[in-house]
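Undergrad: Below are the sequence and a predicted model for it; my questions follow.
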Amino acid sequence: QVQLVESGGGLVQAGGSLRLSCTGSGRTDTIYAMGWFRQAPGKAREFVAAIRRSGESTFYADSVKGRFTISRDNAKNTVYLQMNSLKPEDTAVYYCAAGRSSIYSISSYYNYWGQGTQVTVSS
């Protein structure tokens, strides 16, 4: 089992920045990839970014490419999502996920999920 706890959400003005953190505990050695997803009210959960265990490979949704950066610190079992140039359309609950699959952009391939953290971007 793996437990994930997110932090770092909040309210920010458009153009501002936030950094989300996700700390894992338990059998994190079994995890191959970590991802961030988000869900806005009335919308489906969507992929945001992912990173493989080695940290060498990162993946981004087109909507956040160039603005968001995912990174990880394996010693701390923590994954980060640095979000810059935030837009009102980035408003959503952001979820951290951990999975054993190499498929990184589909939520059903992730095995564990955090509780989510709210990000609100005002215009």
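TA: The structure has been received and is ready for your questions. Every value quoted in this text rests on a predicted model; they were computed, and no experiment measured them.

Undergrad: OK, contacts around the closest residue to Val64 other than its chain neighbours?
TA: Distances taken as C-beta to C-beta, 6 or more residues apart in numbering place Val48 nearest to Val64, at 5.8 Å, with adjacent residues excluded. All C-beta atoms are positioned from the backbone trio N, CA, C, and that covers glycine. Residues in contact with Val48 (C-beta atoms under 8 Å, 6 or more residues apart in numbering) are Gly35, Trp36, Phe37, Arg38, Tyr60, Ala61, Val64, Phe68, Leu81, Tyr94.

Undergrad: mean confidence for stretch 113-123?
TA: The pLDDT scores in stretch 113-123 average 97.

Undergrad: and what of stretch 2-20?
TA: Averaged over stretch 2-20, pLDDT sits at 96.

Undergrad: Just the buried positions in it, please.
TA: The neighbour-count check on stretch 2-20 (16 or more other C-beta atoms under 10 Å) flags Val2, Leu4, Glu6, Gly8, Gly9, Val12, Leu18, Leu20 as buried.

Undergrad: what about the third one, helix or strand, and which?
TA: Looking back up the chat, that one is Glu6. Using DSSP states H and E, the element containing Glu6 is strand 2-7.

Undergrad: ok, and what's touching that strand?
TA: Residues from elsewhere that reach strand 2-7 (C-beta under 8 Å, 6+ apart): 20-28, 30-31, 94-98, 111-117.

Undergrad: Many thanks, have a good one.
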